[in-house]
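Asker: Below are the sequence and a predicted model; questions follow.
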Amino acid sequence: MNTECLNRRDFLKAGAVISSFMIVPRHVLGRGYQAPSDMLALGFIGCGRQSGGLRNRFLDTQETRIVAASDVYALKLDAFVHATNKWYAEKLGQGTYKAATGIQDFRELLNRKDIDAVVIAAPDHWHAAMAVRAAEAGKDIYCEKPLSLTVKEGRAMVNAARNHNRVFQTGSMQRSAPEFTKAVQLVRSGAIGTVKQVYVNVGGPPKVWDLQGETKPDGLDWEAWMGPNMTERPYNNELAPAMNATFWPKWRDYAEFGGGGMTDWGAHMFDIAQWGLGMDASGPSELIYSEPGKGLVYKYANGVEVVHRPMEGKQHCHFVGTDGEVFVARGELRTTPEPLKDKTFNAGDAGVYVSTNHYKDFLNAIRTRKPPICDVETGHRTASVCNIGNIAYGLGRSLQWDPQKEQFKGDKKANELLGRAMRKEWKV
């Protein structure tokens, strides 16, 4: 898409072509499409690079309509809304849906009564502030991984979802991929015996701030992008790339906005470790630190060790048991003995919830009011594993963790790092 050719006047013209919302019978929409009255209305919060794929996945379900989007960068917001309306015009024909609209302040989006649920794809430092307010506004929530920047913010998200009876799906979509489902079924069915170790290959903690200030692009509200953060940082293109950028933003490399590789890919692979161990509502009891570059060992109360072992090659999760092994990465499943990978399971075997489409699973949960495959508590517990690991790395020492109280044992300094100072307007 040539974003340089897209300006606000063109965008408004394109939106005006699509007529106002009409209730129409299914046969008018064509085979496979639902009437608008049967669909769930979504609002997107965050229109950066990740949002495009999410938008397409939700539209492809043919069970949703995106009616609004919000972002602090006007050009990205306009591009997202334009692409959404273009999809409607091409796939459904004109006169079926009203145009999606762009809103800079996400709180205005949350006030709209015609929105059933929101998809949060903003940077990690915004997740808790947005999700808590979405729950308070009565919206169901799909929030990208890692769920939270700190342990306390994650717990606030869980509490808000529970207090307001919200369905909440964490965007850990590996849980809906067949290779990861099979890996967890094998582990939890006892096919490899008693699990002794789990090796997780993901990157390390975030680095110290080292970016210089640059000229902010037109249309970006940098103060709003910073949002809840008390520590101010100057604009840099690596954090919020301009429209023509071809790389993924690097804000997660810095502790002010993310948790480095530990929370980026860690939110995927530690998630599979937690799932395989049946620890979706718990976590480790001890973190054993050795020395920089040597990794970190998470010890669970049952004696299992989850080893953060950064190495070359694919990010993966590797279960080692008394009778075999399971290695899983995206698009790859290996077992020892080798024939184990061909073992078949039915949905529900070994207590494993099976989803084949992460986005439809969320929409189905909204309709049934039952928990989705990666509920907010699950996402919070996985993010906590990553976040407390970063605390151990930052302090350079071993720690004792109480997964029930969600506190370190007898360590005031470590406990102070479980949360962060937030601007009064955005506290959770």
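Answerer: It's in.

Asker: and the nearest residue to K409 once chain neighbours are set aside, what element?
Answerer: Distance criterion C-beta to C-beta, 6 or more residues apart in numbering; nearest residue to K409, sequence neighbours excluded, is Q400 at 3.9 Å. Every C-beta, even on glycine, is put in place using the N, C-alpha and C of the backbone. Element membership for Q400, per DSSP states H and E: strand 399-402.

Asker: Sheet partners, orientation included, of that strand?
Answerer: In the sheet, strand 399-402 lines up against strand 286-289 (antiparallel), strand 407-408 (antiparallel) (DSSP bridges).

Asker: Quick one: the helices in the stretch 151-300 of the chain, in order.
Answerer: In the stretch 151-300 of the chain, the helices defined using DSSP state H, counting those that start in this stretch lie at 151-163, 178-188, 222-226, 260-264, 266-276.

Asker: For the fourth one, which helices and strands make contact with it?
Answerer: Contact analysis of helix 260-264 by 3 or more C-beta pairs under 8 Å, 6 or more residues apart in numbering; DSSP states H and E lists helix 376-395 as its packing neighbours.

Asker: List the buried residues of the helix it packs on.
Answerer: Going by neighbour count (16 or more other C-beta atoms under 10 Å), the buried part of helix 376-395 is 376-393, 395.

Asker: what's the answer for stretch 285-298, then?
Answerer: 285, 287-289, 295-298.

Asker: before we move on, what about stretch 127-141?
Answerer: Buried-residue list, stretch 127-141, by 16+ other C-beta under 10 Å: 127-135, 137, 139-141.

Asker: show me the contacts for R397.
Answerer: Y289 (C-beta atoms under 8 Å, 6 or more residues apart in numbering).

Asker: Could you do the one 10 residues further on as well?
Answerer: For Q407, the set of contacting residues under the criterion of C-beta under 8 Å, 6+ apart consists of 401, 415, 418.

Asker: Please convert the buried members of those residues into PyMOL selection syntax.
Answerer: This is how PyMOL selects the buried members of the contacts of Q407, with burial counted by 16+ other C-beta under 10 Å:
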select buried, resi 401+415+418
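
Asker: any idea which of the contacts of Q407 is the one closest to Q169?
Answerer: When the contacts of Q407 are ranked by distance to Q169 (C-beta to C-beta), L418 comes first, at 24.5 Å.

Asker: element containing the closest one, please.
Answerer: Per DSSP H and E, there is no helix or strand for L418.

Asker: can you list the domains in the chain?
Answerer: Domain ranges of the chain: 3-172, 175-206+261-354+376-412, per automatic domain parsing.

Asker: Just the strands from the stretch 101-250 of the chain, written as ranges.
Answerer: 101-103, 117-120, 140-143, 168-170, 195-201 (DSSP state E, counting those that start in this stretch).

Asker: hey, which of these is tucked in deepest?
Answerer: Mean neighbour count (mean count of other C-beta atoms under 10 Å) peaks for strand 168-170 among the strands of the stretch 101-250 of the chain, with a mean of 30.

Asker: if we look at it, which residues are touching it?
Answerer: Residues contacting strand 168-170 (C-beta under 8 Å, 6+ apart): 131, 135, 140-143, 145, 147, 157, 161, 358, 361-362, 365, 372-376, 378-379, 382.

Asker: What about N346, how many residues nearby?
Answerer: 9 (other C-beta atoms under 10 Å).

Asker: what do you get for R162?
Answerer: That count, for R162 with other C-beta under 10 Å as the rule, works out to 13.

Asker: what do you get for the one 4 residues further on?
Answerer: R166 is surrounded by 22 other residues when neighbours are defined as other C-beta under 10 Å.

Asker: In contact with I288, which residues?
Answerer: I288 touches 296-299, 398, counting by C-beta under 8 Å, 6+ apart.

Asker: cool, G213 as well?
Answerer: With C-beta under 8 Å, 6+ apart, G213 has these contacts: 234-236.
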